[in-house]
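1. next one to model:
(chains A and B)
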2 protein chains.
Amino acid sequence: MKLLEERILAEGQIMENGILKVDGFVNHQVDPILMDACGREFAGIFAHLGATKVLTAEISGIAPALTTALHLGIPVVYARKTKPITMPDQVYLTLAPSHTKGRMVELIISPEYLSGGEKVLIIDDFLASGATILGLVRLAEAAGAKVVGIGALIEKSFEGGRNVLKPVGVPIKSLACITEMTADKIVFGNPA
Amino acid sequence: MKLLEERILAEGQIMENGILKVDGFVNHQVDPILMDACGREFAGIFAHLGATKVLTAEISGIAPALTTALHLGIPVVYARKTKPITMPDQVYLTLAPSHTKGRMVELIISPEYLSGGEKVLIIDDFLASGATILGLVRLAEAAGAKVVGIGALIEKSFEGGRNVLKPVGVPIKSLACITEMTADKIVFGNPA
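-> Predicted structure coming up:
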């Protein structure tokens, strides 16, 4: 998606640890017009799959998942990383490593909002190692729901996440696929 | 706002500890169409104030803040509760008590995305004690920005938050104001 790629080139910052910082329009400050355009794009790509729910992980997945859900006209559920007191004792819980936090985090969903028979579209901000999205796949499967598609705003294809997710057997789509990233260069391309 | 009040009556659950659980459409599962309608409503209410940025707190504030920002055509910044490694060492930080977590939480904003001269509209899911929103006011003021308005989806007027925020001297608007709440009854009204 041209609009997103241009924004990454203009404002993305490559940090020492290989992290692409997009805090100015995705992760801390959010450009709602860009997010809406991305949500519309995802909705167009995945509309034919008949998803009944969008699933994401707090926090950074919420914005693109919400706009995707808005354009599909279905609810969005975001997995929590800490269990709020409003959640029942019995939950679906899995662990996934967090790149930006440098430790394992919990991903928790209440059975109240994800159940058997649902068709789930997973949307997240990044597809890098694929670990967070795989955690969401596990949660959806634990709930008896069927994952029908996976979308990420930004893919770092050289981190191998797409191969990790291939066994899920659903369409995987990123709106900006980075095939090469060095301290001063970002190259976009098609996922291998 | 009729639509929101009706949804609260239909699906809100009053918990033992006086917490109104709206996890089915605001806090864990989100109804994007309702959130979009709420964002449009806020944008209409606050448009004349000339806000340059919407400010909220992760996590539950993100959805209504994003849709408000979308309809106003301005960016949204969400205060983080843990400092990600993408954030610089120098940040604006304050502490605020969290009802649903039962402890103090940090609210952190990077100076990169909030600066002097900005006109800030604060949007959150709940206005109860006012503590979280007051924390956001402190952050905005620390950055030299000017708070121009405060909006919450749901106000629990009997918890006194409006009085806490009155000294800020800006318009405060909730889309659903609960004046009375018992185990089996929710009464909406005008804020005192």
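
2. isn't residue A:82 right up against residue A:107?
-> No - using C-beta atoms under 8 Å as the test, residue A:82 is too far from residue A:107 to be in contact (10.5 Å). (Glycine included, C-beta is placed from N, CA and C.)

3. please say which of these two ends up with more neighbours.
-> Counted by other C-beta atoms under 10 Å in any protein chain shown, residue A:82 and residue A:107 do not tie: residue A:107 has more neighbours, with 21 against 13.

4. so that one bridges to which residues?
-> Counting by DSSP bridges, residue A:107 forms beta bridges with residue A:94.

5. can I assume it is in contact with residue A:137?
-> No - using C-beta under 8 Å, residue A:107 makes no contact with residue A:137, being 10.5 Å away.

6. who touches the nearest residue to residue A:183 once chain neighbours are set aside in this structure?
-> With sequence-adjacent residues excluded and distances taken as C-beta to C-beta, 6 or more residues apart in numbering or on different chains, residue A:183 is closest to residue A:14, at 5.9 Å. Residues in contact with residue A:14 (C-beta atoms under 8 Å, 6 or more residues apart in numbering or on different chains) are A:20, A:21, A:181, A:182, A:183, A:184, A:186.

7. now do 10 Å
-> Residues in contact with residue A:14, defined by C-beta atoms under 10 Å, 6 or more residues apart in numbering or on different chains, are A:20, A:21, A:181, A:182, A:183, A:184, A:185, A:186.

8. low pLDDT regions in chain A?
-> Scanning chain A for pLDDT under 70 picks out the ranges A:100, A:192.

9. what's the spacing between the residue nearest the centre of chain A and residue B:36?
-> Central residue of chain A (C-alpha atoms, centre = their mean): residue A:124, 1.1 Å from the mean position. Using C-beta to C-beta, to the nearest Å, residue A:124 is found at 21 Å from residue B:36.

10. quick one on the thing from earlier: ok, what's across the strand from the residue nearest to residue A:183?
-> residue A:20.

11. next one: residue A:177
-> Here residue A:177, judged by DSSP bridges, has bridge partners residue A:155.

12. contacts only, for it.
-> Neighbouring residues of residue A:177 by C-beta under 10 Å, 6+ apart: A:1, A:5, A:127, A:152, A:154-157, A:162, A:187-192.

13. so among those residues, which ones count as buried?
-> Neighbour counting by 16 or more other C-beta atoms under 10 Å in any protein chain shown classes A:1, A:5, A:127, A:152, A:154, A:155, A:156, A:157, A:162, A:188 among these as buried.

14. mind listing what residue A:185 touches?
-> Going by C-beta under 10 Å, 6+ apart, residue A:185 touches A:9, A:14.

15. and for the residue lying closest to residue A:47 once chain neighbours are set aside, the neighbour number?
-> Nearest non-adjacent residue to residue A:47, counting by C-beta to C-beta, 6+ apart: residue A:72, 6.7 Å away. Residues lying near residue A:72 (other C-beta under 10 Å) number 24.

16. would you check that residue A:72 makes contact with residue A:54?
-> Yes - using C-beta atoms under 10 Å, residue A:72 is in contact with residue A:54, at 7.0 Å.

17. return every residue with contacts to both of the two.
-> Joint contacts of residue A:72 and residue A:54 (C-beta under 10 Å, 6+ apart) are A:39, A:42, A:43, A:46, A:121, B:32.
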